[in-house]
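Trainee: Here is a sequence together with a model predicted from it:
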Amino acid sequence: MRKWRAVTREPENRFLSEPIDPLGKRMSIAKWEVLRQMVASGLVAVIRADSAEQAARIADACALGGVGALEITFTVPGASAVIEHLAKQASGQILLGAGTVLDPETARIAILAGAHFVVSPSLNPATARLCNRYQVPYIPGAQTIGEIIEAMECGADIVKIFPGEILGPAFVKAVQGPLPQARLLPTGGVSPENVADWIKAGAVAVGAGGSLTAGARSGDFASMTRLARQLVEKIKEARAQ
């Protein structure tokens, strides 16, 4: 794997003072800071790949495009090793998360590898308890208002709306009526063409996967950087309106 390049960011989106323990090992960033930076960034790149090396190259390309958070899914071979590698190379420049986490055992492996947040396709209460125990943000997927409420009752500060391409921005807007306190992060079907719709509907951030990383199949990593920049810019524009 090539050395991961540092990402230049505005001061408010950077880890200003990462705590160090007496043994010199990097400690976990406070939960509230992870959530703050994720929302400030507005974009989570969901990385699925056929190999650890490909995942690292996708991460590099997305980071160069200004992505504020990377979600390494546990469908990637050797996902925990990829997270650990990127955590060392990133040096606190970007948030690293673990995705497709189905159980607390996998969540603990991810956290020990250096994951700052954990994402699941649906709520798993045992995983929620594990993440709460270690004060790591847990972002479970939900498709209904009932599932969103249950996720929040289990301690989820942000709930993933998945699959986004089926539910659509109108679902997020509708949920905000009875649940204005819900912080929603749609994943799936997010593109430069519709990302503003998601933000205007009330999403605190979005997750982009296949639409962002499709270039990896042909080795066109530069396209990911361009798309990432487009998404980041359109999120900023939508928030400014």
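Mentor: The structure has been received and is ready for your questions.

Trainee: Quick check: pLDDT value at the closest residue to Ala87 other than its chain neighbours.
Mentor: Once flanking residues are discounted, Ala87 sits nearest to Gly114: 3.1 Å by C-beta to C-beta, 6 or more residues apart in numbering. For the C-beta atoms, the positions are set from N, CA and C on the backbone; glycine is no exception. The confidence metric pLDDT takes the value 94 at Gly114.

Trainee: quick one: Gly114 and Ala151, what's the gap?
Mentor: Note on Gly114: its distance to Ala151, by C-beta to C-beta, to the nearest Å, is 24 Å.

Trainee: out of those two, which sits in the busier spot?
Mentor: Ala151 (25 against 18; other C-beta atoms under 10 Å).

Trainee: Which strands or helices does the worst-scoring helix or strand of the chain on mean pLDDT pack on?
Mentor: Least confident helix or strand, the chain: helix 210-213 with a mean of 88, by mean pLDDT, DSSP states H and E. If you count contacts as 3 or more C-beta pairs under 8 Å, 6 or more residues apart in numbering; DSSP states H and E, helix 210-213 packs onto strand 43-47, helix 52-64, helix 221-240.

Trainee: Val206 is nearest to which of those?
Mentor: Proximity to Val206 (C-beta to C-beta) singles out strand 43-47 among these, at 6.2 Å.

Trainee: show me the residues around the residue nearest the centre of the chain that make contact.
Mentor: Compute the mean C-alpha point of the chain, and by C-alpha atoms, centre = their mean the closest residue is Val44, 3.8 Å away. Listed by C-beta atoms under 8 Å, 6 or more residues apart in numbering, the contact set of Val44 reads 38, 67-71, 97, 185, 187, 205-208.

Trainee: Where is pLDDT lowest across those?
Mentor: Per-residue pLDDT puts Gly68 lowest of the contacts of Val44, at 92.

Trainee: Name the nearest residue to it, sequence neighbours excluded.
Mentor: Looking at Gly68 with C-beta to C-beta, 6+ apart, the closest residue is Ser41, at 2.2 Å.

Trainee: Check Gln143 too.
Mentor: Gln143 sits nearest to Leu167 (C-beta to C-beta, 6+ apart), 6.6 Å away.

Trainee: again with Gln176
Mentor: Closest to Gln176 by C-beta to C-beta, 6+ apart is Gly202, at 4.3 Å.

Trainee: can you pull the contacts of the one you found?
Mentor: Taking C-beta under 8 Å, 6+ apart, one finds Val172, Lys173, Val175, Gln176, Leu184 in contact with Gly202.

Trainee: Next: Leu102.
Mentor: Phe74, Ser120, Pro121, Asn124, Thr127.

Trainee: Narrow the residues you listed to those in helices?
Mentor: Among those, DSSP state H puts Thr127 in helices.

Trainee: just the buried members of the contacts of Leu102?
Mentor: Taking 16 or more other C-beta atoms under 10 Å as the criterion, what is buried in the contacts of Leu102 is Phe74, Ser120, Pro121, Asn124, Thr127.

Trainee: which residue ranges form the helices in this protein?
Mentor: Under DSSP H, the chain gives helices at 31-41, 52-64, 79-90, 104-113, 125-133, 145-153, 164-176, 195-201, 210-213, 221-240.

Trainee: In the longest one, which residues are buried?
Mentor: So that's helix 221-240. Buried-residue list, helix 221-240, by 16+ other C-beta under 10 Å: Phe221, Ser223, Met224, Thr225, Leu227, Ala228, Gln230, Leu231, Val232, Lys234, Ile235, Ala238.
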